[in-house]
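> with the sequence up front, the predicted model follows.
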Amino acid sequence: MTATRPTVPGLPGVRRALVVGLGASGLAASRLLVGQGVTVTAVDEAPDHAGADEARALGATVVLGRPAVELLDETIDLVVPSPGVPERAAVLQRAAAIGTTVWSEPELGLRVFPHRLLAITGTNGKTSTTELVAAMLAAGDLPVVACGNIGRPLSDAAGQTPPDTVLVAELSSFQLRFAETLRAMVGVVLNVADDHLDWHGDAAAYGRAKARIWIGQIAEDWAVANADDPTSLALRDRYAPGRHAAFSGTQPVGLGVGRRDDDLILWGSDGTATELLAVDDLTSRAPHHVANVAAAATLAVLAGVEPAPIIEVARTYHPGVHRFEMVAIVDGVSYVNDSKATNVHAAVAALGAADDIVWIAGGLAKGVDLAPLGEYLGNVRAAVLIGTAADELAGICERAGVPFEHAGSIEDAVRRARRLVRPDGTVLLAPACASFDQFRDYADRGGRFTAAVRTMAATSDESVAGSAPGDQGGSTDGT
């Protein structure tokens with residue numbers, strides 16, 4: 001007679017779990033699972049990891065320096081991969097072969113701790129839109145927490161807040177790929193452009209992963225798409241079972257927030273049009289910022305927020321650091337940090353928001369074709385190229401007639417850019433690539449750029465500290 005395996009309340013059938021990766025997401029998953037009585041093995045292929053001690057303190061068995069696939073057998077009921085673990089990873093291929101369940105950390109969190117969820121994904125704009133939506137709900141006196149890819153893991157937020165708290169979650173395609181029942185009462189795909197093809201394999205798989213933001217919706221829920229993005233609209237129309245709405249930074253929409261002339265307008269289901277505010281009243285008139293505000297306002301309205309607090313937040317919101325952040329003006333030259341522009345779509349937005357640019361670009365291309373950048377270099381006087389994609393970008397610049405130089409470091413790039421830029425021009429860090437070939441992350445890259453600029457400014461007779469982040473237009477939060 002076969003013994004019945006004990007089950008865990010909230011996680012039927014889950015007795016043993018394998019958590020892959022010891023970053024913030026892996027630690028959050030371990031914390032939840034151990035708290036639910038699950039036996040957890042947490043593995044990271046790095047021989048040393050800063051999260052190892054915390055995972056042990058939580059009660060997980062920690063294994064370092066070994067491939068995760070070596071620890072997966074039929075006794076494991078659940079695998080929770082960190083977002084950086086690609087779908088083709090051996091451990092996930094093995095899980096599929098032996099029928100082991102795979103959930104992302106957000107899926108796990110909401111299964112155990114159900115909350116009302118507003119979910120935000122897209123190639124670019126996720127972070128700013130998440131911040132805007134959370135601020136609008138808070139201004140409307142709703143209990144709210146921003147979480148997910150923006151910083152605080154969703155499962156931590158779900159497990160540490162009352163059930164009536166609204167979770168406003170930034171979710172990446174990595175997190176959504178292994179969502180099965182995640183239900184967003186409002187979910188939006190902001191835009192879709194080629195990105196992370198090294199992880200997903202191709203653009204179609206990437207789009208399908210984004211569309212899983214609507215996977216758990218029912219008829220009463222809202223699916224929001226970008227009226228200016230045909231792929232976003234097509235994914236919504238194909239995959240979203242709930243009610244449909246849209247947003248736009250350029251045109252009217254049937255239901256949601258769009259633009260008419262120079263105003264953002266809320267269109268209701270009955271066809272009524274309510275003016276919210278003029279585009280000139282926003283902190284930036286850059287097209288992507290207008291679109292982010294329209295998207296956030298649409299989600300906030302669908303969540304029950306009245307126009308007044310939405311308008312209040314829209315008038316005052318500034319994007320965060322590394323998003324077209326004015327670092328300093330040195331000898332009349334503007335130095336702008338848009339390190340968050342980690343893909344072509346985001347870099348194009350930045351290139352269109354300034355004139356007479358010396359462009360610092362490069363890094364890890366993530367399997368994406370960078371060639372479309374060549375169509376948007378009309379404002380670029382010269383380029384300084386860094387990282388593994390430098391040679392590919394050099395070819396693009398050469399075909400576009402843009403002079404370029406190679407730099408061995410971000411500090412070297414700043415020095416070269418200073419020599420190349422004209423008075424009253426702009427030195428723009430908008431890499432169009434990920435940072436992991438040379439830096440810890442985009443914030444490390446942006447921080448080193450900022451430090452190099454400020455060191456240079458300290459020796460100048462004429463320098464001005466940067467304005468509030470986002471004043472100049474800029475990044476669409478490429479991640």
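Everything's here; your move.
> can you list the weak-confidence ranges in the chain?
Scanning the chain for pLDDT under 70 picks out the ranges 1-10, 194-202, 461-479.
> swap the cut-off to 50 and go again
Scanning the chain for pLDDT under 50 picks out 1-7, 196, 199-200, 467-479.
> how's it carved up into domains?
16-102, 107-316, 325-465 (automatic domain parsing).
> in CSV: those, plus mean neighbour count.
Just so you know, the C-beta spots here come from the backbone N, C-alpha and C atoms, and that holds for glycine as well. As requested, the domains of the chain are exported to CSV (neighbours: other CB atoms under 10 Å):
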stretch, mean neighbour count
domain 16-102, 19
domain 107-316, 21
domain 325-465, 20
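> hey, what's A146 bridged with?
V168 (DSSP bridges).
> and it, how far from A346?
A146 sits 20 Å away from A346, taking CB to CB, to the nearest Å as the criterion.
> span of stretch 173-181 from start to end?
Using CA to CA, to the nearest Å, the end-to-end distance of stretch 173-181 comes to 15 Å.
> quick one: that stretch to chain centroid distance?
Relative to the chain's own centre, stretch 173-181 is displaced by 14 Å; criterion: CA atoms, centre = their mean, to the nearest Å.
> which other residues reach it?
Defining contact as CB atoms under 8 Å, 6 or more residues apart in numbering, one finds that stretch 173-181 is touched by 81, 83-85, 87, 102-107, 110-111, 121, 148-149, 171, 182, 196, 199-200, 206, 209-210, 212-213, 215-216.
> quick one, what contacts the residue nearest to G363 when sequence neighbours are not counted?
Distances taken as CB to CB, 6 or more residues apart in numbering place C433 nearest to G363, at 3.2 Å, with adjacent residues excluded. The contact partners of C433, taken as CB under 8 Å, 6+ apart, are T342, N343, A361, G362, G363, L364, A365, K366, L370, G387, A389.
> kindly recompute the last result at 10 Å.
Neighbouring residues of C433 by CB atoms under 10 Å, 6 or more residues apart in numbering: 341-344, 347, 361-366, 368, 370, 386-390, 392-393, 442, 445, 478.
> strands - which of the residues you listed land there?
A361, G362, I386 (DSSP state E).
> which of the residues you listed sits closest to S269?
A361 (44.1 Å; CB to CB).
> quick check: that closest one vs V38, distance?
On the measure of CB to CB, A361 and V38 end up 45 Å apart.
> kindly report the same for G122.
In this view, G122 and V38 are 33 Å apart by CB to CB.
> same check on A296?
Counting by CB to CB - A296 and V38 are separated by 36 Å.
> correct me, but V145 touches A134?
Yes: look at V145 against A134 with CB atoms under 10 Å: they come within range, at 7.4 Å.
> joint contacts of those two?
Common contact partners of V145 and A134 (CB under 10 Å, 6+ apart): V166, L167, V168, A169.
> export those residues to a markdown table and tack on distance to R66?
Shown next, in a markdown table, are these (distance: CB to CB, whole Å):
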| residue | distance to R66 |
| --- | --- |
| V166 | 40 |
| L167 | 34 |
| V168 | 37 |
| A169 | 32 |
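> and which of the residues you listed is nearest L32?
Nearest to L32 among those is L167, at 14.3 Å by CB to CB.
> can you pull the contacts of the closest one?
Counted by CB under 10 Å, 6+ apart, L167 has contacts 106, 109-110, 113, 115-119, 134, 144-148, 152, 154, 157-158, 161, 184.
> how about Q217, secondary structure?
Three-state call for Q217 (DSSP: H, G, I helix; E, B strand; the rest coil): coil.
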